[in-house]
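Enquirer: turn this into a structure:
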Amino acid sequence: MSDRLFARLDELERDYHELTAALADPEIFTDPPRYAEVAKRQSDLSEVVDTYRSYREVTGDAEAARELAAQAGPEDQAAFRQEAEELDDRAAALIEQLRLQLLPKDPHDDRNVIVEIRAGAGGDEAGLFAGELYRMYSRYAERAGWKVEQISASEQGIGGVKEVIFQVSGTGAYSRLKHESGVHRVQRVPQTESGGRVHTSTASVAVMPEAEDVDVTIDTNDLRVDVYRSSGPGGQSVNTTDSAVRISHAPSGLVVSCQDEKSQLQNREKAMRILRARLLQLEQERAARQRAEARLSQIGTGDRSEKIRTYNFPQSRVTDHRIGLSVHNLSEVMDGALSELLSGLIAEEQRRRLEALTLAE
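Expert: Reported below is the predicted structural model:
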């Protein structure tokens with residue numbers, strides 16, 4: 001590890017001591033926002049400080065073992081040398097752990113997410129696949145103890161969806177799901193295919209961190225809000241009042257519609273939630289284009305036109321093309337068993353960022 005990184009670790013440890021002292025001052029309890037800020041910062045630093053202390057302890061023990069080996073008789077030298085080697089291996093593992101802990105954290109990782117799934121090429125089969133992806137993410141969220149709220153959906157007559165937008169609420173939702181944006185491809189024999197031929201269909205997924213008010217400033221003068229009567233499949237009226245809402249944002253050209261709720265106010269609130277998330281995503285994409293180093297922390301380009309994963313039903317195989325990982329438990333994956341794929345994507349993200357950090361040392 002370079003002197004630069006050691007200096008950084010020493011600085012973080014000093015910060016940790018200062019924050020701990022601040023929390024011990026009774027006056028801080030008179031300022032709850034300040035207390036919350038200091039407590040969170042101290043908590044964020046505790047992990048890396050503990051690891052750094054373990055590293056210093058282990059390297060000190062390894063040096064002591066080498067000194068004992070140099071002073072010991074022939075019958076004890078081998079044991080002390082072996083102990084020193086084992087401690088050196090432990091120190092090397094702690095260095096790698098510190099490198100990971102020092103990587104800048106994505107400020108949005110702990111946020112809830114808004115996910116949009118749209119049927120792509122493939123007609124009715126694409127709509128069915130889009131609906132299955134919605135179920136897959138919902139089941140994964142349930143396994144993680146997260147909450148899923150459907151915001152809007154445009155259903156297809158045979159049981160699929162043209163589009164579904166939903167929110168996943170839970171700690172770390174964005175950190176786990178952010179690499180799912182892109183085009184997902186399915187290969188299988190549709191139920192309507194009498195000849196047994198395998199068809200290929202697609203659905204696009206967009207995962208956006210939920211925007212907070214401080215993230216996106218929206219001038220109400222830039223908004224055009226239209227209300228209209230919501231309707232069901234085939235134009236069937238499902239509401240006798242003008243409860244559906246369409247919001248157009250002039251500067252970005254974004255248009256968001258929501259009609260799932262019976263209340264115009266609820267539909268407007270949901271539409272604004274989607275609009276804020278999309279505006280935040282646009283800002284993230286703009287910033288990523290301006291900072292070349294930001295691309296090193298992404299898996300693939302993140303472009304929605306990029307085919308990121310293939311679900312091959314005849315071979316019960318799911319392949320993520322960005323990391324070359326294939327798993328052969330397709331039915332379990334479609335039921336929400338995404339951990340292996342997501343962990344592989346996160347590991348690759350960390351590898352690339354570590355590589356960039358090493359080059360910068």
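Enquirer: now residue 350: closest residue in space, sequence neighbours ignored.
Expert: residue 100 (6.0 Å; CB to CB, 6 or more residues apart in numbering). In short, each C-beta sits where N, CA and C put it, glycine included.
Enquirer: hmm, that neighbour is touching residue 351, no?
Expert: No. Using CB atoms under 8 Å as the test, residue 100 is too far from residue 351 to be in contact (9.9 Å).
Enquirer: mind listing what's buried along the helix or strand hosting the residue nearest to residue 350?
Expert: Per DSSP states H and E, residue 100 falls inside helix 74-102. Neighbour-count burial for helix 74-102 flags 80-81, 83-84, 87-88, 90-91, 94, 97-99, 101-102 (criterion: 16 or more other CB atoms under 10 Å).
Enquirer: so which bits of the lengthiest helix in the chain are buried?
Expert: Looking across the chain with DSSP state H, the single longest helix is helix 32-71. For helix 32-71, burial by neighbour count (16+ other CB under 10 Å) applies to 35, 38, 41-42, 45, 48-49, 51-52, 55, 58-59, 61-62, 65-66, 68-69.
Enquirer: which strands and helices sit next to it?
Expert: For helix 32-71, the packing partners by 3 or more CB pairs under 8 Å, 6 or more residues apart in numbering; DSSP states H and E come out as helix 3-24, helix 74-102.
Enquirer: could those be laid out in JSON lines, adding distance to residue 200 and mean pLDDT?
Expert: Compiled in JSON lines, these are given as follows (distance: least, CB to CB, whole Å; pLDDT from 0 to 100):
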{"stretch": "helix 3-24", "distance to residue 200": "47", "mean pLDDT": "91"}
{"stretch": "helix 74-102", "distance to residue 200": "38", "mean pLDDT": "89"}
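Enquirer: what's the mean pLDDT across the helix or strand hosting residue 267?
Expert: Element membership of residue 267, judged by DSSP H and E, is helix 264-290. Mean pLDDT, computed over helix 264-290, is 83.
Enquirer: check stretch 44-60 too.
Expert: Per-residue scores along stretch 44-60 average to 93.
Enquirer: for it, output the C-alpha coordinates as CSV.
Expert: Provided in CSV are the C-alpha atoms of stretch 44-60 (Å, rounded to 0.1, in the frame of the first residue of the first chain):
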residue,chain,number,x,y,z
ASP,A,44,-19.4,5.4,8.3
LEU,A,45,-15.8,5.7,9.3
SER,A,46,-15.9,3.0,12.0
GLU,A,47,-15.5,0.1,9.7
VAL,A,48,-12.4,1.4,7.9
VAL,A,49,-10.8,2.6,11.2
ASP,A,50,-11.4,-0.9,12.8
THR,A,51,-9.8,-2.6,9.7
TYR,A,52,-6.8,-0.2,9.8
ARG,A,53,-6.2,-0.9,13.5
SER,A,54,-6.4,-4.6,12.8
TYR,A,55,-3.9,-4.2,10.0
ARG,A,56,-1.4,-2.3,12.3
GLU,A,57,-1.8,-5.0,15.0
VAL,A,58,-1.2,-7.8,12.5
THR,A,59,1.8,-6.2,10.9
GLY,A,60,3.2,-5.5,14.4
